[in-house]
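Undergrad: I need the structure of the sequence given here:
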Amino acid sequence: MSRPALPLFPGWFVVAGAFAVTFVGFGGAYTFSAFFEPLRQTFGATRGSVSLVFSIAGFLYFSLGVISGPLADRFGTRRVAAAGMILLGVGLALAGLARSLIEVYLAYGLGVGIGVGLAYVPALGAVQRWFDRRRGLASGLAVSGIGVGTLALPPLAALLVEQVGWRATYLLLGAACGLIGLGAALLLRNDPAGLGYAPDGLPALASAPPPGGLTVSEAVRTRRFAGLYLACLICAFGVFTPFVHLVPYAMDHGVPAARAALLLGAIGVGSTAGRFLLGGLADRLGRETTLLAMVGGVAASLAAWALLDGFWPLMLFAAAFGVFYGGWVALLPALVMDAFGGRSVGGIIGLLYTSVALGTLVGPPAAGWMFDATGGYRPAILAAAATSLVGLIVLAATFRRRN
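TA: Alright, predicted model coming up:
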């Protein structure tokens, strides 16, 4: 049974739920930089081994989309995302109780990694099905939660670490993120057909066909998927380096810890702007062209980072990098829907994000180990810029082919 279009399309509630899920999920995950030095000092660890905590979580929350997407298609986005948000809160809280770095790997790495992995791709996949004409805008608004979370939660965590210690801070974050995330997950719905709507709030026809497009097995056999996968893999080697190493880099260059934590907030500001503004702009200018510009901007900003020190130059870098990173993340789900249709969009996005998972697993620890070996961050930062440039070349070649 169809329903008339309403002034406030229910799809925007789905966008709001996805925004809040990404806010607490990635905002909670990116607080890791505030805990970097306390963990290193508490457990007497190297920078490479501490970086591996974040990378385990990142590997899991990007790779698990290949499982959580199909699970959401079968059991419902709301149930799968709710389970993920509960695990996120439990993982953060247990990290505060860890007695060794191995226990931090297990609590934070597994709890945060699996928790965000169960929620992220299902939430984004649901948003894609609710919109067509305004898909870029809706996707950008949904993932802007990552930027706002990066703006708000890492500086808050740094302040709490100074006031109550890192263990109590993890307990507080776990409780807050778990409760807020669970409430947000309840706003999610798989697709508009269940409420009698078509995408964008149009009344659905009683005999409307199911969403068209490729299955996961059909999509992975296309050259376009292979190109997207390779480009994302290469870019991910470097793009997550600032989320782990920008704060310790700034502290090495004389920036106090409390101010250094604000640099991640600047990434959040830029990322939020990129997600809010560039998603809608890409709908008009072309999503492929805009994504190429974003990846090129990531490479250029990382190269500039290698030459900078001092708080304000690093703030400018962080904000610029955030814009380009935010635009990149905002556009990927919409491009997947453009290329392969909505039939298995959750599963295809999830499989594509395994490339980002592998890059995240390798990149930040490699940067830490390069620092341990050379005594400085410049080689690692230049390597991050170089991988982003190679990823841009692969992506441009992929878009040149139309199949």
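Undergrad: can we go C-alpha only for contacts and neighbour counts from here?
TA: Will do.
Undergrad: which non-adjacent residue is nearest residue 396?
TA: residue 292 (6.9 Å; Cα to Cα, 6 or more residues apart in numbering).
Undergrad: hey, which helix or strand in this protein has the poorest pLDDT?
TA: helix 257-285 (a mean of 80; mean pLDDT, DSSP states H and E).
Undergrad: buried residues of that helix, list them for me.
TA: Burial within helix 257-285, assessed by neighbour count using 16 or more other Cα atoms under 10 Å, is assigned to 257-258, 260-280, 282-283.
Undergrad: same check, this time on stretch 93-107
TA: Quick answer for stretch 93-107 (16+ other Cα under 10 Å): 93-98, 101, 103-107.
Undergrad: and what about residue 97, helix, strand or coil?
TA: coil (DSSP: H, G, I helix; E, B strand; the rest coil).
Undergrad: where's the spatially closest residue to it that is not a sequence neighbour, which helix or strand?
TA: Distance criterion Cα to Cα, 6+ apart; nearest residue to residue 97, sequence neighbours excluded, is residue 167 at 6.6 Å. Per DSSP states H and E, residue 167 falls inside helix 166-185.
Undergrad: same check on residue 349?
TA: Using DSSP H and E, residue 349 falls in helix 345-374.
Undergrad: list the contacts of stretch 122-132.
TA: 11, 14-15, 17-18, 21, 65, 68-69, 72, 77, 80-81, 135, 138-139, 142-143, 188-192, 198-200, 333-334, 337, 342, 345-346, 349 (Cα atoms under 8 Å, 6 or more residues apart in numbering).
Undergrad: how far does it sit from its chain's centre?
TA: Offset of stretch 122-132 from its chain centre (Cα atoms, centre = their mean, to the nearest Å): 16 Å.
Undergrad: residue 325 contacts residue 294, doesn't it?
TA: Yes - because the distance of 6.8 Å satisfies Cα atoms under 8 Å, residue 325 is recorded as touching residue 294.
Undergrad: where does the stretch 251-400 of the chain dip in pLDDT?
TA: Within the stretch 251-400 of the chain, the segments meeting pLDDT under 70 span 279-280.
Undergrad: packing partners for the least confident helix or strand of the chain?
TA: Applying 3 or more Cα pairs under 8 Å, 6 or more residues apart in numbering; DSSP states H and E, we find helix 257-285 packed against helix 135-164, helix 241-252, helix 287-305, helix 311-340.
Undergrad: please identify the buried residues of the first one?
TA: The neighbour-count criterion (16+ other Cα under 10 Å) identifies 135-161 as the buried residues of helix 135-164.
Undergrad: the third one too?
TA: Going by neighbour count (16+ other Cα under 10 Å), the buried part of helix 287-305 is 287-288, 290-292, 294-305.
Undergrad: just the last one next, same as before
TA: The neighbour-count check on helix 311-340 (16+ other Cα under 10 Å) flags 311, 314-340 as buried.
Undergrad: can you spell out which helices and strands pack onto that helix?
TA: helix 113-130, helix 135-164, helix 257-285, helix 287-305, helix 345-374.
Undergrad: also compute the angle for the last one relative to helix 241-252, please.
TA: It refers to helix 345-374. Relative orientation of helix 345-374 and helix 241-252, computed by axes from the mean of the first three to the mean of the last three Cα atoms, to 10 degrees: 30 degrees.
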